[in-house]
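need coordinates for the below:
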Amino acid sequence: MKKVLIAFMALSLSFSVMTSCKDAADKAKDATEEAGDALDEAGESINEAANDAVDAVKQAGEDAQEMGEQALDSIKKAGENAMDKAEEMGEDAKEAAKKAIDSL
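Numbering: from 1, shown residues only. Below you'll find the model as predicted:
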């Protein structure tokens, strides 16, 4: 009877340990799956942030190019105005010199 009782206790203890190990394995599997899902979400967030940064840099480049073109147009117009004024001043100087010569 004693041997049966000891065998039964050993069997109960083995079953308890086996159940506990199975539960621990299931919990570890669940935790691993949750960690994998969290890493996937983090990866997606990082990818979206990188895409947003690329778009922002691209937009900044386009804006800078547009501002550069506007500045170039302004410089070109200023140069044309300066040339027109210089031409006008040259004509005025030519007329003044002609008048000075005529008055002599």
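
and the helices in the chain?
For the chain, applying DSSP state H gives helices covering 2-103.

need the contact list for Lys22.
Residues in contact with Lys22 (CB atoms under 8 Å, 6 or more residues apart in numbering): none are found. C-betas here are computed from N, CA, C, even on glycine.

and for the one 3 residues further on?
Taking CB under 8 Å, 6+ apart as the contact definition, Ala25 lies against nothing.

confidence score at it?
pLDDT, Ala25: 82.

can you give me the distance of it to Val17?
Applying CB to CB, to the nearest Å, the value for Ala25 to Val17 is 12 Å.

what does Met67 give?
The value you get for Met67 to Val17, if CB to CB is used, is 74 Å.

in this structure, what spans have low per-residue confidence?
The model of the chain has pLDDT under 70 over residues 8.

from the chain's centroid, how far away is stretch 33-44?
21 Å (CA atoms, centre = their mean, to the nearest Å).

give me the neighbour count for Leu5.
Using other CB atoms under 10 Å, Leu5 has 9 other residues around it.

OK, contacts around Gly61?
By CB under 8 Å, 6+ apart, the contact set of Gly61 is empty.

switch to numbering from 35
I'll keep to 35 as the first residue from here, and by that count the last item is Gly95.

that one and Leu138, how far apart?
Taken as CB to CB, the span from Gly95 to Leu138 is 64 Å.

cool, Leu39 as well?
For Leu39 relative to Leu138 (CB to CB), the value is 146 Å.

give me the neighbour count for Ala131.
There are 10 residues near Ala131, going by other CB under 10 Å.

can you check Glu122 too?
Glu122, neighbours per other CB under 10 Å, totals 10.

with Met101 instead?
10.

look up how far Ile109 lies from it.
13 Å.

go on, Asp64?
67 Å.

and Asn85, by the same measure?
Counting by CB to CB - Asn85 and Ile109 are separated by 36 Å.
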